[in-house]
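Colleague: Below are the sequence and a predicted model for it; my questions follow.
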Amino acid sequence: KAGVTQTPRYLIKTRGQQVTLSCSPISGHRSVSWYQQTPGQGLQFLFEYFSETQRNKGNFPGRFSGRQFSNSRSEMNVSTLELGDSALYLCASSAETRETEAFFGQGTRLTVV
Amino acid sequence: KQEVTQIPAALSVPEGENLVLNCSFTDSAIYNLQWFRQDPGKGLTSLLLIQSSQREQTSGRLNASLDKSSGRSTLYIAASQPGDSATYLCAVRRGGSSNTGKLIFGQGTTLQVKP
């Protein structure tokens, strides 16, 4: 069974640009969550999508947005990039029940210059 | 507000030692607790998942315990090997219908096992 796939693995963008990251969950998983990881803040929750609906949202500005498609693949978008958005962005997928395990992708390393 | 703390932040041990990593959380209303391993620049690998009704889980040389009432979990690694060197993270999944997917992470313990 294929794991969680995130693309691209690395990105370099300029301040003010926008970026879209993609996440394909494990087959059959309907919940996709996104996290930002930085050395100073650790892992912080961005948002969760379940069956194409945003179910939960973290404390990030509106520049961070996401969506989920009918095949459960998810994208997150960051507009008007700032230097502080440089981070490892991780996607996790879970089956629909609350007790299930979260599986993470390899992440997308975003560098804003 | 749920907070997760991991102690120590870093640990260095000689190969072959048994060791314990600690994780504490402030709100006992959790669905489960999960331990992860992260190698530098990589994603998270799930090690063990403990449901709130369970006391412990074992996988190979790893054993994780959960004491929900005291807000603590430990990850025990037996006979450590250099390949165990990584950052270990614990995360809790909060209870409540509006927080089903959200994991709250500790800052991690970076382990170095010396040959």
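Modeller: Nice, I can see it.
Colleague: going forward, measure contacts between C-alpha atoms and count neighbours the same way
Modeller: Noted.
Colleague: Give me every residue in chain B lying close to chain A.
Modeller: Residues of chain B that fall close to chain A, judged by C-alpha under 8 Å from any C-alpha of the partner chain: B:31-32, B:34, B:42-46, B:49, B:51, B:98-107.
Colleague: now do 6 Å
Modeller: When proximity is defined by C-alpha under 6 Å from any C-alpha of the partner chain, chain B lies next to chain A at B:42-44, B:100, B:107.
Colleague: contacting residues for the residue of chain B found nearest chain A?
Modeller: Residue nearest to chain A within chain B: B:G43 (4.0 Å; C-alpha to the nearest C-alpha). Going by C-alpha atoms under 6 Å, 6 or more residues apart in numbering or on different chains, B:G43 touches A:105-107.
Colleague: May I see those organised as a markdown table, with pLDDT added?
Modeller: Output for the contacts of B:G43, formatted as a markdown table (pLDDT from 0 to 100):
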| residue | pLDDT |
| --- | --- |
| A:G105 | 97 |
| A:Q106 | 96 |
| A:G107 | 97 |
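Colleague: got a winner among the residues you listed for most neighbours?
Modeller: Using other C-alpha atoms under 10 Å in any protein chain shown as the neighbour test, the contacts of B:G43 are led by A:G107, with 30 neighbours.
Colleague: how close does that one sit to chain B?
Modeller: For A:G107, the distance to chain B equals 6 Å [C-alpha to the nearest C-alpha, to the nearest Å].
Colleague: Of all residues in chain A, which one is closest to chain B?
Modeller: A:Q106 (4.0 Å).
Colleague: which residues touch the spatially closest residue to A:L11 that is not a sequence neighbour?
Modeller: Once flanking residues are discounted, A:L11 sits nearest to A:L110: 4.9 Å by C-alpha to C-alpha, 6 or more residues apart in numbering or on different chains. By C-alpha under 6 Å, 6+ apart, the contact list for A:L110 reads A:11-12, A:86-87.
Colleague: Would you mind checking those for buried ones?
Modeller: A:86-87 (16 or more other C-alpha atoms under 10 Å in any protein chain shown).
Colleague: Report the strands that pair with the helix or strand bottoming out on mean pLDDT in chain A, each with its relative direction.
Modeller: Here the helix or strand of chain A ranked lowest by mean pLDDT, DSSP states H and E is strand A:53-57, holding a mean of 90. With DSSP bridges as the test, strand A:53-57 is paired with strand A:42-50 (antiparallel).
Colleague: Just the buried positions in the partner strand, please.
Modeller: Those would be A:43-50, for strand A:42-50 by 16+ other C-alpha under 10 Å.
Colleague: Name the nearest residue to A:E82, ignoring sequence neighbours.
Modeller: Closest to A:E82 by C-alpha to C-alpha, 6+ apart is A:R15, at 5.3 Å.
Colleague: hang on, the one you found in a helix?
Modeller: No. A:R15 is assigned coil when assessed by DSSP: H, G, I helix; E, B strand; the rest coil, not a helix.
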